[in-house]
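Visitor: okay, predicted coordinates and the sequence, questions at the end:
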Amino acid sequence: MAQADFERVMSDVAATIGERALDDDLAVFLNTQIPAEGDVFQQVEALCRDGEAEGWLCAREMGGIRFGRAIKPGAQAGRFSVDVVRMTDVKGPHHIHTQGEIGMIMPVEGDAKFDDIERGWYVYPAGSDHWPTVTGGDAYILYLLPDGAIEFTGK
């Protein structure tokens, strides 16, 4: 049941994003339209917890990071894939966002930050890269990738 609800909510989120450019304006838009203290954001958090408990979300683990692709591109979230990772005070593998990345930071325990960004939305533009890092606790990071595009570099 939670998986169908997750897919429905992420479909609505993807429709809200639409064809907007992946830039700082989109991050402001999302933090305004789907704020961290709002019902939709909190519903996604609850569905992430339920999905992990039910085993269909974050079902894989490597290097202390639990992860999984919940929605493939071209499905319920339109052009986006939807992945969720659970990270606790860890630096993840370096990668490039070939078409950009839109993410939600959802602390589970502590004052977890993702790449020094607090609870809420972030947007990385096409061509950006990083070592995804959670500090200060435990968090779910949900991210949408246009066409599911991501390139792990092995750095």
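Guide: Right, received. Where do you want to start? Residues are numbered from 1 along each chain as shown.
Visitor: the strands in the chain, which residues?
Guide: Along the chain, the stretches classed as strands by DSSP state E are 60-62, 65-71, 80-91, 95-97, 101-114, 120-124, 128-130, 133-146, 151-152.
Visitor: out of the ones you listed, nearest to M1?
Guide: The closest of these to M1 is strand 65-71. By Cβ to Cβ, the value is 14.7 Å. (Each C-beta comes from the backbone N, C-alpha and C, glycine too.)
Visitor: okay, now the sheet partners of that closest one, with direction.
Guide: In the sheet, strand 65-71 lines up against strand 60-62 (antiparallel), strand 80-91 (antiparallel) (DSSP bridges).
Visitor: hmm, who's touching it?
Guide: Contacting residues not belonging to strand 65-71 are listed as 3, 6-7, 10, 51-52, 56-61, 77, 80-87, 90, 92, 148 [Cβ atoms under 8 Å, 6 or more residues apart in numbering].
Visitor: buried stuff in it?
Guide: I65, R66, F67, G68, A70, I71 (16 or more other Cβ atoms under 10 Å).
Visitor: again, but for stretch 142-149
Guide: L142, Y143, L144, L145, P146, G148.
Visitor: my read: the fourth one touches P73, true?
Guide: Yes. Applying Cβ atoms under 8 Å, one finds L145 in contact with P73, separated by 7.4 Å.
Visitor: now the common contact residues for these two.
Guide: F80, S81.
Visitor: which one is the residue of the chain most remote from its centre nearest to, not counting chain neighbours?
Guide: Taking Cα atoms, centre = their mean, the residue of the chain most remote from its mean C-alpha position is K155, at 21.8 Å. Distances taken as Cβ to Cβ, 6 or more residues apart in numbering put H94 closest to K155, at 4.0 Å, once the chain neighbours are dropped.
Visitor: measure that neighbour to M62 for me?
Guide: 14 Å (Cβ to Cβ, to the nearest Å).
Visitor: neighbour count for the two, which is higher?
Guide: H94 (14 against 9; other Cβ atoms under 10 Å).
Visitor: got the phi and psi for that one?
Guide: phi -60, psi 140 (degrees, to the nearest 10).
Visitor: hang on, the earlier thing: in TSV, list the buried residues of stretch 142-149 along with pLDDT.
Guide: Formatted as TSV, those follow (pLDDT from 0 to 100):
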residue	pLDDT
L142	98
Y143	97
L144	97
L145	97
P146	96
G148	94
